[in-house]
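S.K.: test case, fold it:
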Amino acid sequence: MATSEQTKNSPTNNNAQTTPVSFDDVSLESLQKSFNDTYKVSKGSSSQVVLGFKSMASRLQDPQNEYQQELYPRLKEMCMNLYNKYNETFLTKFTSDVERQVYGANLNGNRNSGSLYRSIPSGVNRNLTYNYAQFGQLLRVLSGRLRFVVNRDAGSVQRYKDSNDESVAYQSLQTKCTEFLTYLETLSTEWDTFVKSTRTKHAVEEPERKERPQRTQRVHHNQRTNQTHHTQRGERTERAERPQKEYKPVRKVNTSANEEQWQQVRPKRQQRTN
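M.R.: I've put the predicted structure just below:
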């Protein structure tokens, strides 16, 4: 069962596509009912990513060393603070039913299911699931989702062109997303600072990151490639200057019916080409 769940987010399966869409309830509690840790982060809407933070907080149990004993409580606090602030900012109070629908469609997905209809660059591996995601990775994904809302031109969406009420609601959502992005930037800075100081305090080495080859290395590689190319070209020239061997004519053998047909068709193709 876990394998099949990793290939999709449940709300995107065929059965969910035939379920009538309703935005009467856009709460995180409603999305929580269908959330699973094995869902892919890259397929999640903003609200589903926020559920990923709550799930992370619930998994922070049984620290194995002093470093984790200091790290886990702070991380759990940050996750829950983010969850609560997001809920209060976007999904608690609405001025109208139209605003609730616009907020729900953009934050919970167009089917109010937590899954995206169209893929949006997430900043993480497309196969990463919530149970393996790190705090910083979820922050990047959530920030990307909200920036998409902020940068999207309401005038490019037909329904916002047709409805002034929906257009005003979307602009209100953009304002709140801009403010929340500032909060996420501050939270990210606080987290990075805390992790670095805690690692230093407990003498924990930072995980090594694979770096791309330096430009000088690539230049050296190109030089080696060019040198090899010139050498091979010289070898081909030397082979071309060698005296050619004389070969005896090949004996004529009987061909199959298909080969005879090919020989008959070939001249006609040459005439058409000319």
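S.K.: which element follows the strand or helix carrying Ala105 toward the C-terminus?
M.R.: If you go by DSSP states H and E, Ala105 is part of helix 97-107. Per DSSP H and E, the first helix or strand lying C-terminal to helix 97-107 is helix 135-151.
S.K.: what does whichever helix or strand comes after that next one rub up against?
M.R.: Beyond helix 135-151 in the direction of the C-terminus, DSSP H and E gives the next helix or strand as helix 158-162. With Cβ atoms under 8 Å, 6 or more residues apart in numbering as the test, helix 158-162 has contacts from 154-155, 166-167, 170. The C-beta positions use only the backbone N, C-alpha and C, and glycine is treated the same way.
S.K.: show the subsequent helix or strand relative to helix 158-162.
M.R.: Next element after helix 158-162 (DSSP H and E): helix 164-201.
S.K.: other SSEs contacting that following helix?
M.R.: Under the contact criterion of 3 or more Cβ pairs under 8 Å, 6 or more residues apart in numbering; DSSP states H and E, the helices and strands touching helix 164-201 comprise helix 66-90, helix 97-107, helix 135-151, helix 158-162.
S.K.: in the contacts of helix 158-162, find the pair that's most separated.
M.R.: Gly155 and Glu166 (12.2 Å; Cβ to Cβ).
S.K.: who's more crowded, the two?
M.R.: Glu166 (19 against 9; other Cβ atoms under 10 Å).
S.K.: let me see the confidence value for the more buried one.
M.R.: Among the per-residue scores, Glu166 holds a pLDDT of 97.
S.K.: who are the contact partners of it?
M.R.: Contact analysis of Glu166 by Cβ under 8 Å, 6+ apart lists 98, 101-102, 159-160.
S.K.: let's see it at 10 Å
M.R.: 98-99, 101-102, 105, 154, 157, 159-160 (Cβ atoms under 10 Å, 6 or more residues apart in numbering).
S.K.: over to Gly104?
M.R.: Gly104 touches 21-27, 30-31, 45, 47, 90-91, 94, 110-112, counting by Cβ under 10 Å, 6+ apart.
S.K.: one more time with 7 Å
M.R.: Neighbour list for Gly104: 23, 26, 112 [criterion: Cβ atoms under 7 Å, 6 or more residues apart in numbering].
S.K.: tell me where the model's unsure across this structure.
M.R.: By pLDDT under 70, the weakly predicted segments of the chain are 1-18, 208-274.
S.K.: can you rerun that using 90?
M.R.: 1-20, 117-123, 205-274 (pLDDT under 90).
S.K.: burial count for the nearest residue to Asn131 once chain neighbours are set aside?
M.R.: Spatial nearest neighbour of Asn131, excluding adjacent residues (Cβ to Cβ, 6 or more residues apart in numbering): Asp37 at 3.9 Å. Per other Cβ under 10 Å, the neighbour tally for Asp37 reads 17.
S.K.: look at Asp37 and tell me its secondary structure.
M.R.: Put simply, Asp37 is coil when judged by DSSP: H, G, I helix; E, B strand; the rest coil.
S.K.: out of the contacts of Gly104, who's nearest Gln68?
M.R.: Ranked by distance to Gln68 (Cβ to Cβ), these are led by Val26 at 35.7 Å.
S.K.: quick one: the residue lying closest to that closest one once chain neighbours are set aside from Asn65, how far?
M.R.: Residue nearest to Val26 in three dimensions, not counting chain neighbours: Gly104, with 3.4 Å by Cβ to Cβ, 6+ apart. Applying Cβ to Cβ, to the nearest Å, the value for Gly104 to Asn65 is 42 Å.
S.K.: likewise Val26?
M.R.: Note on Val26: its distance to Asn65, by Cβ to Cβ, is 41 Å.
S.K.: okay, those two: which has more neighbours?
M.R.: Taking other Cβ under 10 Å, Val26 and Asn65 do not tie; Val26 has more neighbours (21 against 10).
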